[in-house]
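Asks: any chance you could fold what I've pasted below:
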Amino acid sequence: MNDEEAISSRPWSCIRRDRERRRARCGFLAVAAPFVPGEGGAALDAWIAASESIQSNAERGQAIRAMLRRSDTTGDLTIPLIESAAEIESDTEKAQLLIDVVSHYRGSKEEHSAYQATAATIGTDIERERALDAL
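Replies: Reported below is the predicted structural model:
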């Protein structure tokens with residue numbers, strides 16, 4: 001059985017449950033974000049690994065934005081989030097997320113390097129320029 005046959009044989013309720021689980025994971029990460037220690041460590045690594053398992057570009061971006069909204073956002077926190085954004089496939093979502101990062105940007109060399117590296121993964125010229133212009 002190939003992938004198309006497997007997908008078409010799945011009942012719609014199964015597909016709906018999968019979508020609901022993904023949304024629940026995104027919602028949980030958004031709620032948990034304020035409680036993850038911002039200085040790095042195992043909890044932050046686990047949060048980032050969980051956010052990277054979200055396949056929806058918009059939902060992954062939403063989870064990362066929740067972490068960025070914390071009041072104690074520092075370079076130790078923004079760098080792994082910027083690097084995580086590189087894995088988002090949608091150029092528009094990735095560019096918008098980088099633009100949102102700028103308000104939390106502290107201007108360190110490490111942050112700048114991570115931002116530039118992630119912006120370089122944007123395939124669309126217009127979106128890449130939009131992200132770089134925000135710096």
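
Asks: rest of the way, CA atoms for contacts and neighbours
Replies: Noted.

Asks: what ranges do the helices span in this structure?
Replies: With helices called from DSSP state H, the chain shows them at 3-9, 12-32, 42-52, 57-68, 75-85, 91-101, 109-119, 125-133.

Asks: roughly how far out does stretch 86-101 sit from the chain middle?
Replies: Centroid separation for stretch 86-101 versus its chain: 8 Å, with CA atoms, centre = their mean, to the nearest Å.

Asks: where does the chain have low pLDDT?
Replies: For the chain, the stretches flagged by pLDDT under 70 are 1-26, 38-40, 71-75.

Asks: how many residues are close by residue 49?
Replies: 12 (other CA atoms under 10 Å).

Asks: again, but for residue 122
Replies: When neighbours are counted by other CA under 10 Å, residue 122 comes out with 22.

Asks: check contacts around it.
Replies: 91, 94, 95, 128 (CA atoms under 8 Å, 6 or more residues apart in numbering).

Asks: give me that answer again for 6 Å
Replies: 91, 128 (CA atoms under 6 Å, 6 or more residues apart in numbering).

Asks: residue 111 now?
Replies: residue 79.

Asks: repeat that with 10 Å
Replies: 74, 75, 76, 77, 78, 79, 80, 82, 83, 105, 117 (CA atoms under 10 Å, 6 or more residues apart in numbering).

Asks: is it true that the fourth one touches residue 65?
Replies: Spelled out, that is residue 77. No: the pair residue 77 and residue 65 fails to qualify as a contact (CA atoms under 10 Å) at a distance of 11.9 Å.

Asks: which among the contacts of residue 111 gets closest to residue 37?
Replies: When the contacts of residue 111 are compared for distance to residue 37 (CA to CA), residue 77 wins out at 9.1 Å.

Asks: so how far is residue 135 from that closest one?
Replies: Using CA to CA, to the nearest Å, we find residue 77 at a distance of 18 Å from residue 135.
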